[in-house]
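Asker: Give me a 3D structure for the following:
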Amino acid sequence: MLQFQIGDLAYLECNSGLTMKYDVVIVGAGPSGSTSAKCLAEKGVKALLIDKKKFPRDKPCGGGLPTKVLNRFPYVLDLIESISYRSITYSASLKYRMKIQRDKPIIATILRKNFDYGLVKIAVAKGVDFLDEKTVTDIKILKDKAIIILEGGQKIESQIVIGADGVRSVIVEKSNLVKNSEDICVCLVKEQPMTEEQINKYFSEKRTVHIFIKILGIAGYGWIFPKKKHVNIGIGEFESAIDKSKHKKNLKEIYEKYIKTLKENNLLPRDLKINNPKGSTLPIFPIDKTFADRLLICGDAAGFINSITGEGIYYAMTSGEIAANVINEALKVNDTSEGFLSKYQKLWEDEFGKDLKLFGRFNKQWGKVSEKFVRLLTKDKKLAKLTMGVTGGQISISRYRLAIIFRYIYVSFKDRFNRDK
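Answerer: Next up is the predicted model:
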């Protein structure tokens, strides 16, 4: 094994004739993998972080970060691009608009290329070894160890493996853990460069976020997230909410119409050329089991996504932190069995599992008419605040679910009474 330095990041180069050995190998260097690696290194655990891509690498993503990420992981503050203090949510017809402005941040925004690379560098600074451009092809769980097999045949031994390798997780597949490939959100995203003058003109210094519910009839929403020198423009459609009896729409054609609509409504410069949006898919429901002998699954690989908004970075980083804590305990007592590691699932379920289940119940609402709901939001500040708090990640849906339901019923009756008069 050879270690060398490029800039401020140390890399490993593995010799195909040697077997590297670690306490923990983390497959996938996104937010969940890097967070778990950092936490393990801080506890003195010898950890290796592997990713198939060359870093820094980009990833199609809206880059909207709930403020609870900043509260729980304050070390990411230096990786933030911008803060938004204002948002406008539109009904499908664009007729109704719910506007919210706050003194406190509504969301933070990031560039995934910089954010993910920054998290890797933080982990490496703590003592984590890092291998990029290395594809994991298989995993073998044995009685006395786990073996990670790389493309080309190189083997790495460890006591425990963390699968944090995204929606198409090799670790989940090779471990025969169940996942539903139909429960996904399909997105088209463009991280569009703009000058700061343009961004100030169109989105103000408040960096106004725009959300378009069921824009152009999709079972999902569109967004504009202004950043420092970029604006992220995307649409996402939830496959499980699509009416299967209707003709499937071409999402790329819808995206082109979406851009045209934004320009016609003076939300983007008319001469702005937006080409080649990037596609991505997101899981929207957790897999049934996120642990096995010598193995834990985190982040997108585990399906930890808000199935209303598609946001997953908070759950990725939190699950990585929880996994690191459980693994540290397991190594101390020399018990890497499925029975001991099952603590991980109980902890993440207690932490955010109830919220994910409730988001899942509401997911199919994307396939239904939403015009009335947005109209009611414009009429009642309390309902709007509760709704935005839940979707923006400031408050827990499991704690405020009944408050939202009762408020919605109250506002609906009040609206009907006023209209009948």
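Asker: Buried residues in stretch 366-375, which are they?
Answerer: 366, 367, 370, 373, 374, 375 (16 or more other Cβ atoms under 10 Å). To be clear about C-beta, it is placed using only N, CA and C from the backbone, and glycine gets the same treatment.
Asker: Redo the residues you listed as CSV? Include pLDDT.
Answerer: Formatted as CSV, the buried residues of stretch 366-375 follow (pLDDT from 0 to 100):
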residue, pLDDT
366, 78
367, 71
370, 73
373, 85
374, 88
375, 90
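Asker: Pick out the most distant pair among those residues.
Answerer: Across those, the longest distance by Cβ to Cβ is 18.8 Å; it joins 367 and 375.
Asker: Tell me where the stretch 201-350 of the chain has helices.
Answerer: 251-264, 313-333, 338-341, 343-348 (DSSP state H, counting those that start in this stretch).
Asker: Buried residues in the shortest one, which are they?
Answerer: What that stands for is helix 338-341. 340, 341.
Asker: swap in the longest one?
Answerer: Neighbour-count burial for helix 313-333, with 16+ other Cβ under 10 Å as criterion, is recorded at 313-328, 330-331.
Asker: Tell me where the longest helix sits in this structure.
Answerer: For the chain, the helix reaching the highest residue count under DSSP state H is reported as helix 397-420.
Asker: Quick check: which helices or strands does that one pack against?
Answerer: helix 354-362, helix 371-379, helix 381-391 (3 or more Cβ pairs under 8 Å, 6 or more residues apart in numbering; DSSP states H and E).
Asker: ok, the most centrally placed residue in the chain - contacts?
Answerer: With distances taken as Cα atoms, centre = their mean, residue 312 lies nearest the centre of the chain, 2.4 Å away. Applying Cβ atoms under 8 Å, 6 or more residues apart in numbering to residue 312 gives the contacts 282, 299, 300, 304, 305, 306.
Asker: Give me the below-cutoff pLDDT ranges for the stretch 1-150 of the chain.
Answerer: 1-18 (pLDDT under 70).
Asker: Please apply the same query to the stretch 151-300 of the chain.
Answerer: In the stretch 151-300 of the chain, residues with pLDDT under 70: 178-182, 245, 247.
Asker: For it, which segments count as strands?
Answerer: 155-163, 184-193, 209-213, 220-226, 230-238, 278-283, 291-292, 295-297 (DSSP state E, counting those that start in this stretch).
Asker: Next, count neighbours for residue 389.
Answerer: Using other Cβ atoms under 10 Å, the number of residues around residue 389 comes to 17.
Asker: Grab the nearest non-local neighbour of it.
Answerer: residue 395 (4.1 Å; Cβ to Cβ, 6 or more residues apart in numbering).
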